[in-house]
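Visitor: sharing a model that was predicted from the sequence below.
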Amino acid sequence: MTLYSLFKALLLPPGIIILILIAAFWLARGVLARLLIFVALSLLTLLSLPVVSVMLIQPLERYPIIGTDQAPVPPEARAIVILSAGVRRVAPEYGDGPTLDDVSLRRVRYGARLQRLTGLPIYVTGGSAPGEARPVGPVMAEVLIDDYGAQVVGIESESRTTWENATLTAPLLERDGIRHILLVSDAWHLPRAVEVFERAGLAVTPAPTAQFHHPGWTGELSYGDWLPSAKTLQTSYYAIHEHLGRLWYQICDWME
């Protein structure tokens, strides 16, 4: 099984691309060509290793889970706000039009679970991505109502960034007299999201889902932690995207 996993990791992307880059490095002529290949090879390899991706994303996943016997939901919360990610443009198995992508769906599922536990109303927020005809917010509401039997009382459908999620959802919550919310998003996304929602005047209890690292992990590594995978490369992408997003928000603060 170990040998099978090794061959699979090396023959599927990004493993096969890493092998090709290694061959290109040895066949290339010229210092600059080799240097560029070496940099690309090193970055692709490191970002594809689970041990590296966890190191990148762990500082972002700072909030504990809630909604369990060991971590009950704070009683002062008055609503659940679910942040969107994206949609799948074509989903014929669900009829005409788009449906939620995997990231939005896992957030919606956890938000529906929190509502079953607390009875709190749900607000969803998400506008149209470039090239998309339909905002994510209404699609989230449809999935919550049709598939989970959840109660959705507020839909924000104009935002395109986390900052706009907060600034455009806050008036809906203020209209309904809500000041304290459970904020549902991926664990790696919540530090930035919590900051902007608090700046919008709300008290926020983070409600993370889809954690990549595990707080109880003992630090023992297995051979699989050193094998490249496409899933791990995506995790590294999420981490770098979020670190850059937080840096950009800090720059905007300094400029203001």
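Guide: Cool, the structure landed. All values reported here derive from a predicted model rather than from experimental measurement.
Visitor: only C-alpha atoms from now on, for both contacts and neighbour counts.
Guide: Fine.
Visitor: can you name the residues that contact S236?
Guide: 47-48, 52-54, 56-57 (CA atoms under 8 Å, 6 or more residues apart in numbering).
Visitor: widest-spaced pair of those residues?
Guide: Spatial extent of the contacts of S236 (CA to CA) is set by the pair S48 and I57 at 13.1 Å.
Visitor: now the helices for the chain?
Guide: 2-11, 15-27, 31-47, 50-57, 102-118, 136-148, 162-175, 190-199, 230-255 (DSSP state H).
Visitor: where among those is average confidence lowest?
Guide: Out of these, helix 2-11 stands lowest, with a mean of 77 (criterion: mean pLDDT).
Visitor: re earlier: out of the contacts of S236, which are buried?
Guide: The neighbour count (16 or more other CA atoms under 10 Å) marks 47-48, 52-54, 56-57 as buried among the contacts of S236.
Visitor: so what touches stretch 56-70?
Guide: Contacts for stretch 56-70 (CA under 8 Å, 6+ apart): 71-73, 114, 117, 187-191, 206-209, 211-213, 235-236, 238-240.
Visitor: show me what counts as buried in that stretch.
Guide: Buried-residue list, stretch 56-70, by 16+ other CA under 10 Å: 56-58, 60-63, 65-67.
Visitor: who touches F7 in this structure?
Guide: Applying CA under 8 Å, 6+ apart, no residues qualify as near F7.
Visitor: state the distance from it to G15.
Guide: 9 Å (CA to CA, to the nearest Å).
Visitor: so what's T209 bridging to?
Guide: For T209, the beta-bridge partners are D186 (DSSP bridges).
Visitor: that one against V184, yeah?
Guide: Yes: between T209 and V184 there is a contact under CA atoms under 8 Å: 7.3 Å.
Visitor: got any residues that touch both of these two?
Guide: 107, 110.
Visitor: looking at those two, which one has more neighbours?
Guide: Between T209 and V184, V184 has the larger neighbour count (other CA atoms under 10 Å), namely 27 against 24.
Visitor: quick check: the more buried one vs I82, distance?
Guide: Applying CA to CA to V184 and I82 gives a distance of 5 Å.
Visitor: any residues in contact with both of those two?
Guide: In contact with both V184 and I82: 107, 111, using CA under 8 Å, 6+ apart.
Visitor: ok, R88 - contacts?
Guide: 98-101.
Visitor: lowest-confidence one in the residues you listed?
Guide: At the low end of pLDDT for those is P98, which has 85.
Visitor: excluding residues flanking it in the chain, which one is nearest it?
Guide: R89 (4.5 Å; CA to CA, 6 or more residues apart in numbering).
Visitor: correct me, but that neighbour touches S128?
Guide: No: contact criterion CA under 8 Å: R89 and S128 do not qualify, at 11.4 Å.
Visitor: returning to what we had before: show me which of the contacts of stretch 56-70 are buried.
Guide: 73, 114, 187-191, 206-209, 211-213, 235-236, 238-240.
Visitor: can you redo the helices of the chain as CSV with distance to G154?
Guide: As requested, the helices of the chain are exported to CSV (distance: least, CA to CA, whole Å):
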stretch, distance to G154
helix 2-11, 45
helix 15-27, 45
helix 31-47, 39
helix 50-57, 31
helix 102-118, 14
helix 136-148, 9
helix 162-175, 7
helix 190-199, 16
helix 230-255, 26
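Visitor: no more questions from me, cheers.
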